[in-house]
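> could you work out the structure for the sequence below:
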Amino acid sequence: MTDDKIALRALLEKGSDATFLREMIGFAAERLMQLETGELCGAGHGERSETRRNQRNGYRDRDRDWETRAGTVELRIPKLRRGSYFPAFLEPRRMAEKALTAVIQEAYIQGISTRSVDDLVKALGMEGISKSQVSRLCGEIDERVQTFLTRPIEGEWPYIWLDATYVKARRDHHIVSVAVIVAVGVNPDGRREVLGMTAGHSEAEPFWVEFLRSLARRGLRGVKLVTSDAHEGLKAAITKVLSATWQRCRVHFMRNALVYAGKTQRRIVSAWVGTAFAQDDAAAARKQWREVADQARPRVPRLAAFMDEAETDVLAYMQFPAQHRAKIHSTNPLERLNGEIKRRSDVVGIFPNEAAVRRLIGALLLEQNDEWAVQRARYMTLETIAPMSDHPIVSLPALAD
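Below you'll find the model as predicted:
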C-alpha cells in the first residue's frame, strides 16, 4: 500500500473527529503541491529521472495559514532550488482580481463606464449583474481592505518610503486626478510591510500631515529615515510629525539634475555626479560632491547651484549603515508596486468614485504585503537592522561556573 493511501486511510478512520474535514483539506492540498512541484521539477520527490529540471529545497521559513470554510489549515509550502513556487490553488492574486471586477461592475451598472470597460464587461459575460450583487461584493472587499489599512502598527520602523501616483476618478459628475499615497516600511524583522494608503485631492502639506499622523496614531514609531521625492509639503510634514531625517530620492534628483546638462553631456554629468555616491562614507561623499559642483560651476552654473541646494538631502543616506544604502537612497522599492497600481488602474481607465480607488489599490497592497511576508529572504538582515532600534536587545554576560 502506498504512503498516500496509508495517510488517507488514517484520516478516514478519524471520521468522528471534529478536525476531520480540515485535515482532509490539508491532505489534499499537500498532494496538490507535490504534483505541482513534481511537474515543475520534471520528476517526483526523491525520484531519479533523466528528465529532471529542478530539485526541491525544503520548505518556506514560515507556514502559510490558509483560511477555508472548515477553518484555518496550516500549509508547508515547498521551495525549489532554482526559481520560486507558490501553490496555484491559493490564488495569490484573487483579492485584487475580485476588487478589479467589483470596480468594473460598479462603473458599468452606474452607466458611467468607458467604452473599453463596456467591452470588457461583455467579454466577461457580466452584463446580468445586479446592483445588489455588486454592493455585496464591494462590501466584502471594503471590509477586508479597511481592516488591513487600519491595523495597529507594532514595533519600530527605522526606514520608510513614501510615494504618490495619480489616477482619474469621477467626482460630482467631473473627472479629476486623485493622488494615491502609499507608505512602505521595514519592520524589526527586516521585512517590508505596507504601512498605509490614502487618496486625496492634492499633495499639499495638510494632506501629508494628516496621513502621517494617522500612521502615528496606529503606532508608528522609531522612524530614522524617510525616503521620498522632493515634495515641499511632505518635507514639512516629516519634520512636523515624525522628526526624522529626510532622504531625497537619488533617482529623481538625477533626472532633475540632467535637465541642466545638454543632451550630449548627460552621460558624462551622470557619471561625474555618481562619483560622490561611490564613496565609502559621508565625509568623503560630501567632499567629492563639492568638488564636482565646483568643477561644474564655470560651465554649468545652474547645475552647480542645484547641487549646492540638494547636497544635504541627497546624501542623507550616507550616514546610515553601508549594508542598507543601496535600498534607502531612492524610492525604487516602491517602483514595482506603483507599476502594478498603474497597470490595474489603466484597465479601469476612470474610477467611478474615490471609494473604488481605495478598494482596488487597497486590495493590491494587501496582496503585496502577504507576498512580502512569506518571502524566504529578508529585505534587510537581522544583524544589520537590530542596531537601528532605540531599544536594542541587551545581552547579559554568561554566569561563571
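> can we go C-alpha only for contacts and neighbour counts from here?
OK.
> identify the residues contacting stretch 218-235?
Applying C-alpha atoms under 8 Å, 6 or more residues apart in numbering, the contact partners of stretch 218-235 are 150-163, 203-206, 208-209, 238, 242, 244-249, 252, 317, 328-331, 389-390.
> quick one: residues contacting residue 316.
So residue 316 contacts 245, 246, 247, 248 (C-alpha under 8 Å, 6+ apart).
> how far away is it from residue 193?
Residue 316 sits at a distance of 23 Å from residue 193 (criterion: C-alpha to C-alpha, to the nearest Å).
> likewise for residue 39?
In this view, residue 39 and residue 193 are 32 Å apart by C-alpha to C-alpha.
> for the two, indicate the residue with more neighbours.
Neighbours of residue 39 and residue 193, each counted by other C-alpha atoms under 10 Å, are more numerous for residue 193; the result is 21 against 14.
> pretty sure that one is touching residue 184, no?
Yes - with contact defined as C-alpha atoms under 8 Å, residue 193 and residue 184 form a contacting pair (5.7 Å).
> ok so, going back, redo the contacts of residue 316 as TSV? Include neighbour count.
As requested, the contacts of residue 316 are arranged in TSV below (neighbours: other C-alpha atoms under 10 Å):
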residue	neighbour count
245	18
246	25
247	26
248	27
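> so which of those residues belong to strands?
Among the contacts of residue 316, the members falling in strands (DSSP state E) are 245, 246, 247, 248.
> where in the chain is pLDDT low?
1-21, 24, 61-63, 67-71, 88-134, 137, 391-401 (pLDDT under 70).
> how close does the nearest residue to residue 330 once chain neighbours are set aside get to residue 283?
The spatially closest residue to residue 330, leaving aside those adjacent along the chain, is residue 249, at 4.1 Å (C-alpha to C-alpha, 6 or more residues apart in numbering). Residue 249 sits 20 Å away from residue 283 when distances are taken as C-alpha to C-alpha.
> which one's more surrounded, these two?
Relative neighbour count places residue 249 above the other of residue 249 and residue 283, with 23 against 13, counting by other C-alpha under 10 Å.
> ok, that one - contacts?
If you count contacts by C-alpha under 8 Å, 6+ apart, then residue 249 has 227, 228, 229, 230, 314, 329, 330, 331 around it.
> which of these fall in helices?
Among the contacts of residue 249, the members found in helices (DSSP state H) are residue 314.
> how about the strands in the chain?
Taking DSSP E, the strands of the chain run over residues 56-59, 64-68, 71-75, 78-80, 159-171, 174-186, 192-200, 225-228, 245-248.
> just those: most buried one?
strand 225-228 (a mean of 26; mean count of other C-alpha atoms under 10 Å).
> okay, now the sheet partners of that strand, with direction.
Strand 225-228 sits in its sheet next to strand 159-171 (parallel), strand 245-248 (parallel), going by DSSP bridges.
> make a markdown table from these and add distance to residue 356 to it.
Written out in a markdown table, the entries for the strands paired with strand 225-228 read as follows (distance: least, C-alpha to C-alpha, whole Å):
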| stretch | distance to residue 356 |
| --- | --- |
| strand 159-171 | 9 |
| strand 245-248 | 31 |
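> of those, which is nearest residue 340?
With C-alpha to C-alpha, the closest approach to residue 340 among these belongs to strand 159-171: 11.3 Å.
> dump the contacts of residue 249 into TSV; add distance to residue 139 as well.
Below are the contacts of residue 249 laid out as TSV (distance: C-alpha to C-alpha, whole Å):
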residue	distance to residue 139
227	34
228	33
229	34
230	37
314	43
329	39
330	36
331	33
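> buried members of the contacts of residue 249 into ChimeraX, please.
To isolate the buried subset of the contacts of residue 249 in ChimeraX, counting by 16 or more other C-alpha atoms under 10 Å, use the following:
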select :227,228,229,230,314,329,330,331
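> wait, which of the contacts of residue 249 is closest to residue 55?
Proximity to residue 55 was ranked across the contacts of residue 249 by C-alpha to C-alpha; first place goes to residue 331, at 35.5 Å.
> and the closest one, how far from residue 176?
26 Å.
> quick one, phi psi at residue 349?
With angles defined as degrees, to the nearest 10, residue 349 sits at phi 80, psi -80.
> is it true that it touches residue 170?
No - taking contact to mean C-alpha under 8 Å, the distance of 10.8 Å between residue 349 and residue 170 leaves them out of contact.
> anything in contact with each of these two?
Shared contacts of residue 349 and residue 170 (C-alpha under 8 Å, 6+ apart): none.
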